[in-house]
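Colleague: Show me the folded form of this:
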Amino acid sequence: MKLCISLLLCFTLGLSASTLAQQKRVNLDLKQVPIKVLFDEIQKQTNLSFVFNTEQTAKLGEVSVRAIDETVENVLRKVLMNTGMLFEFDGTLIIVRPDEPQKKEVTKINVTGTVKDENGEFLPGVTILLKGSQLGTVTDVDGKFNFELPKQDSLVLVFSFIGYKQQEIKVNSENLQPLSIVLKEEVTEVGEVVVTGYFERRKDSYTGAATTFSGEELKQISTGNVLTTLSTLDPSFKLVENLDMGSNPNYVPEFTIHGGGNLQSDYENSPNMPTFIMDGFEVSSEKVFDMDPNRIASITILKDAAATAIYGSRAANGVVVIETKAPQMGKLRVSYNFSGDFEIADLSDYNLMNAEEKLEYERLAGLYSHSNVQLGDELMDRYNEILALIQSGIDTDWIAKPVKNVGFSHKHSLLVEGGDDKLRYGLTLTYQNKDGVMKGSGRDNLGIDVQLQYRYKTLKFMNDLSFNRVTTSNSPYGDFSEYTYMNPYYYPYADNGNPQKVLYTYENGEEVWNPLYNASLGTKDEQAYDDFLNNFSLEWNVLSGLKLKGNISLNRKTVTSDKFLPGEHTSFQNSSLNGSYTKTIEEYFTYDANVTLSYTRSFGKHQLNGVGVWNVKETRSDMFETVAYNFPNSNMDHIGMGIEYGKGDQPDGNYEVSRLMGFVANFNYGYDNRYLVDASIRSDGSSLFGSDKRWGTFGSIGLAWNLHNESWMKNLGWFDQLKLRGSWGTTGGQNFYPYQAMMMFSYKDELLSSREDSEDENNSQTYDGYIGALLKAFGNTNLKWQKTEKRSIGLDFTLRNSRISGYLNFYKDISKSVLTDVLVAPSLGFTSYKDNLGEVENKGIELNVRATLIQRPANGLRWDVFLNVVKNKNRLMKLNDALAAWNKTQDDEITDEDNKEASRPVVRYQEGESINTIWANESLGIDPVTGDEVFLDLNGRRVDSWSASNYKPMGCEDPKFEGNFGTMLNYKGFQLSAYFKYSYGGDIYNQTLVDKVENVDPLKNADRRVLYDRWQKVGDVAKFKAIDNTTTTYPTSRFIEEQNYITLSSLNLSYEFNPEVLKFLHVERLKLSLIGNDIFRVSTVKMERGITYPYARTFSLSAQLTF
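Modeller: Next up is the predicted model:
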C-alpha cells in the first residue's frame, strides 16, 4: 500500500516565561473526574502541557473543580493541597511530582533515531509521544527525530502513523543510543484509508462516501474478472445485465453507480459507465477487465460529490480507483499463483420442445391441414414423414451442439521482487487462457510488468512499464440463438459424419441451413491488441508536510481485427461473391500528465490538508478498415488472397483527437478529529464541447462530525465510531464522441455513383476536378458540459469493539444539460444533432451492515455475517420538444411491418417517469371466446386492437431494493464464505414469451408453453392467444412480470497452511482455494438468458505460493 503521507508538526511551544504561564486563566466546572481529565481541560484552554506519572496521579482519585477566570497556578494549588504532590512550571511545561526534595532545574535528555517501514523506507510525519503526557514530536522528511524531554527513571515512547500498528518503546535514560524503529503495516485495515488517486486520507477524517476493498477480498470472491467481482462485493456498483451476451469471454460488461443519468442516444462509449483510475491515471474498462487480480492492492469506489469532485468532468457516474501492488523490499522473493477454472454451460433457462412436442404443435397450428384436398394430403404425407423420423429415434438436442461439456481455463502469475531502502524492483509475468463454453471461443492474455523504485535523499523515482497482448476468438459456431430455433427432428450429420449443409428443402425451394455446417468451414473471427503502458513519477519531500509530485503516463495500443468467411459459407448462398475478409486496424496513443502539490500540518487540535493538481491529457485514435472478396478456397484465409474489392466499396477509416486540461484544488480541515470540512474545486477544458463552451467548473463541499470523539458519547461506551457526514457538489460527464460539437463533412458518399459508373466521365464523382463535400453532421458551438449535482448524507458506525459495523447513505443526483439527440428533417442530409436538453434525477439509499457473531482469537475461530441493501429511483424531471419528437419517431418505428424489433417495448420519455419505465398497451388478457387479446385504451374503454396511441407506463425496471448478503467462517487456517445477490420488485418485459410463445414461426422450434399454454378452443382461460394465430404481438402489459431473484454468486472454501509447518520446505506461504461462481439462480420470471451466448457456472481451483 502506498504511504499515506499525513505529516504532523511538533506541538507549538507557548511563551517561554514561566511567570506568564502561571498567570494563564481558565474556566472550569468539573465534578468527580479523574485528575487527568482536569489536566486535559487545562491543556485545551491554555496550550500548557503536563508531565506526570500516571500511577502516582491515579492514587489521587477523582476531583471536583469549579473556577471562573482563575489562574492555572491557583487551581492546581487548591487541587494538589495536602495530596503529597506538588507542581512546578518550566516554560510551557507543568511538571507534577511527589513532594520530595528536587533540584530547581529539571534535567533534560535528547532521544534521537529514525523510523522506517518494513520495506526500509523512511517514514516522515510519524507521531512520537511520551506516554502519560502531552509531550510529543514528529519525524522529519528523512524519517529522523530529535526528542527533548525531562529525564525520568522510566520512559516509554509511543510511535504512531496512519496505516501502521502503534508501537511502544522503552528508553533507558542512563544509556541513550540512537533508536531505529520499524513500524509494521496494518494490512487488515485497508478499508480505513481512502485512496482517491490524488491523495490518501484516513477514513475517520474523510467526509466523502467511499468503499474500499483489498486485493485479498477480491480473490476470495472469484479468480475471474475484477469488475464482476466488485459488483458482488458492493451492489451500488451495479452490473448492467446483458441477457444476450451471457458468459461471453470477449464481452466487457457495463456497470453503473447510483443509476444512469443519461438518455438513450448515439454514444461512442457507454455514457453511464464510471471512470476508472489506476495508479493515478485514467484507464479503460477493458484494461481493468483484463487485469490480473493478483496485481491489485486495493480498489476504492468514490460515490458522492465530496469524493468524486476532484475528477470534475469525469466524475458524474462515480469513480473507481485501483491501486496496484508496489514491490516489497528485502531479499529476493518469488510468488506464484495458479488457478484452474472449470466452466459448465447453464442451459437451465431454456424450455424448448422435443421432437414429438414440436410436431404436435405444428399440427395444432394448422401446418398440415388445407381446404384443398390434394394439398391437404401432401401436407399429411409430410407430417407422416416427420413422424417416422421421430419414431426412429431422432430427437436432436441442438442447443448442446455448439457448447462444450466442460470448458477449462487456466491462469498463472509469477512475481519476483526485492531490493533495499534505496532501490527496489519487481517483475511480474502473467498468462491467462480463458476458454468460453461455446466451442472455439476464448480470450488469451499475456502480460509483463517491470517496476523500479529509487530513493535519493528527499527524492523518490518510480517507473512502471507494462506490456499486455490480448487475443480473442469468437466461436465459429455463430449465434447461439440459431440453435434454439432448430427443429429437433432435423438430423445434423450426413452419412459420412460431416455436418450436412441443407437440412430440409420446402416445396417453394426455400432451404433450412445447418448452423453446424459453417463451423466446419474454417471461418475466422479474431481480434488482438498490444498495449504498452509506462507510468513515471517523481516525488520530492520539499519540507516536513510539503510534497511535490509529478506523474506522466504514456500509453500506446494497437488493435487488429480479422474476420474471414469462405465462399461456402451460407452467407453467400444467394450472392455472386465467393467469400469475404474484413481487416480492421486501430491505433491509440494517450499521454496523461499531472503535477501535484500537497501540504499537511497539525498543530494542537487542528489538522490541515491541502492538495493542488494540474492535469493535461490527449488521446489520438486512427482506424483503418478494408474488405476483400472472392477467395479461391477456404484454406486461403489471408486478405491478400482476395481477388477484388466489392463494387462501389473502398477502404474506410477515421482519425480522432480529444484533449483535456484541468486544475484541481482540495482543502481539508479537522478540529480535534471531531469536526471535519472538505472542499474541492476543479476547472476543466475539453475539446469535446463547443468552441464557446470549452471550460467547465465543478466543485464540492463536505462536512463530517465524529460523534464518537465527543466526551458525552465516550461516556455512553456504545460506539467505537459514529460519524455523520454530508456533501454537496457538481461533477461532469464526457463519455462522448470527440467531434459531436463540430460540423463535419464527408468526401466520399455511397449515394454517389458506383465504381463501375465512375469510369464513365459523365458519372464522375468530381466537379471541375475537385471532390465534392457533403454535410455529414451539424455542429453546435454552444454545446456545453453535462453536469450532475450530487447531494448526500450518510452515517458510518462501529460498535461493541468492532463487532458490528456499517454505513448508511442517502443520495440525490440530478443530471442537468443532458446531451440529447435533436431530430431534424432528413432533407438536411442527417437526422439529428447534439444539444443540452433534459434533466434526470437519481435518488436512493444504501445500507451496509456487518456483524461478528463469534470471535475467539485463542481458538482461531471467527464467524461474520453481512447484508447490503440498495434502492435507487430514477425520474425524468424535464422534457422538451426534442424528446417529444423522439417519442413520435419510436411510435412510427414500432408500427412499421418491416421492423423486426416491433415486438419489443420502445424507449419513451415523459416527465415524472423513470427512463427505465416499460411502455405498453394495457391488456385485459385473452378473450376465452375468440382467443384474441383485448385492451384498455387511455380512456378506460375496452378495445380489440393494439394502438401506439394507447401507450402508457405499465412497469419499471428499477427494483424496489436489491443487494447482497452472506457469511464468512474462519477456523485455524480454514475459511468458508458465501455471497448471495438478490433483487426484489423490479419489472421486466419477458421477451421470451413474445418471441418463443406468441410471435412464433411454426416452422421453427419454440418454448414448450406454445403447446401447452396457448388458447385452443372456446372456453379456454389462457394467458396466450390462439395457437393458430400468427399475427404480430406488439408490446403489451401481459408480458410485464415482477422479477425477484436470488443468486449464489460465490462460494469459497480455502485453507492457508501454518508458516511453521512450511519452514522445512523453505516456503513462506501456501494457500489453496476452491471457488464456485454463479452456482444457482432462483427467479420468479422464467425466461431465456444467454440468447447469443449462454451463461455458465464456474468452479475454480487456485494455489498461492510464496518462497
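
Colleague: Just the C-alphas of the helix or strand where H412 lies, formatted as CSV.
Modeller: Secondary structure from DSSP states H and E places H412 in strand 407-419. Extracted C-alpha coordinates of strand 407-419, given in CSV (Å, rounded to 0.1, in the frame of the first residue of the first chain):
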residue,chain,number,x,y,z
GLY,A,407,-14.6,-25.7,-20.6
PHE,A,408,-11.2,-25.4,-18.9
SER,A,409,-9.3,-22.2,-18.4
HIS,A,410,-6.0,-21.5,-16.5
LYS,A,411,-4.3,-18.5,-15.2
HIS,A,412,-0.7,-18.1,-14.0
SER,A,413,1.1,-15.2,-12.2
LEU,A,414,4.7,-15.0,-11.2
LEU,A,415,6.2,-12.2,-9.1
VAL,A,416,9.9,-11.6,-8.4
GLU,A,417,10.7,-8.7,-6.1
GLY,A,418,13.3,-7.4,-3.7
GLY,A,419,15.7,-4.6,-3.0
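
Colleague: Show me what secondary structure element comes after that strand.
Modeller: Proceeding C-terminally, strand 407-419 gives way to strand 423-435 as the next helix or strand, assigned by DSSP H and E.

Colleague: and the strand holding H412, what does it pack onto?
Modeller: Where contact means 3 or more Cβ pairs under 8 Å, 6 or more residues apart in numbering; DSSP states H and E, strand 407-419 is packed against strand 330-346, strand 423-435. Where you see a C-beta, it was placed from the backbone N, CA and C, and this is true even at glycine.

Colleague: any chance of those in TSV, with mean pLDDT and distance to L722 too?
Modeller: Compiled in TSV, the helices and strands packed on strand 407-419 are given as follows (pLDDT from 0 to 100; distance: least, Cβ to Cβ, whole Å):
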stretch	mean pLDDT	distance to L722
strand 330-346	89	39
strand 423-435	92	40
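
Colleague: And those strands: which comes nearest A315?
Modeller: Each of the helices and strands packed on strand 407-419 was checked against A315 via Cβ to Cβ, and the shortest separation belongs to strand 423-435, namely 30.1 Å.

Colleague: on contacts alone, who are the packing partners of the closest one?
Modeller: The criterion is 3+ Cβ pairs under 8 Å, 6+ apart, and the helices and strands that strand 423-435 contacts are strand 407-419, strand 442-456.

Colleague: Of these, which is nearest F255?
Modeller: Comparing the helices and strands packed on strand 423-435 against F255 with Cβ to Cβ, the closest turns out to be strand 442-456 (18.9 Å).

Colleague: T229: which of the helices and strands packed on strand 407-419 is closest?
Modeller: Across the helices and strands packed on strand 407-419, T229 has its closest neighbour in strand 330-346 (12.9 Å, Cβ to Cβ).

Colleague: For the closest one, buried residues please.
Modeller: By 16 or more other Cβ atoms under 10 Å, the buried positions in strand 330-346 come out as R333, S335, Y336, N337, S339, D341, E343, A345, D346.

Colleague: Just the CA atoms of it, as CSV, please.
Modeller: The C-alpha coordinates for strand 330-346 follow below in CSV (Å, rounded to 0.1, in the frame of the first residue of the first chain):
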residue,chain,number,x,y,z
GLY,A,330,14.1,-7.4,1.3
LYS,A,331,15.8,-10.5,0.0
LEU,A,332,14.8,-11.9,-3.4
ARG,A,333,11.2,-13.1,-3.0
VAL,A,334,9.3,-15.2,-5.5
SER,A,335,5.5,-15.6,-5.5
TYR,A,336,3.4,-17.9,-7.8
ASN,A,337,-0.3,-18.0,-8.2
PHE,A,338,-2.3,-20.6,-10.2
SER,A,339,-6.0,-21.0,-10.9
GLY,A,340,-7.8,-23.5,-13.0
ASP,A,341,-11.4,-22.8,-13.9
PHE,A,342,-13.9,-25.4,-15.0
GLU,A,343,-17.0,-23.9,-16.8
ILE,A,344,-20.2,-25.6,-17.4
ALA,A,345,-22.8,-24.0,-19.7
ASP,A,346,-26.0,-23.2,-17.9
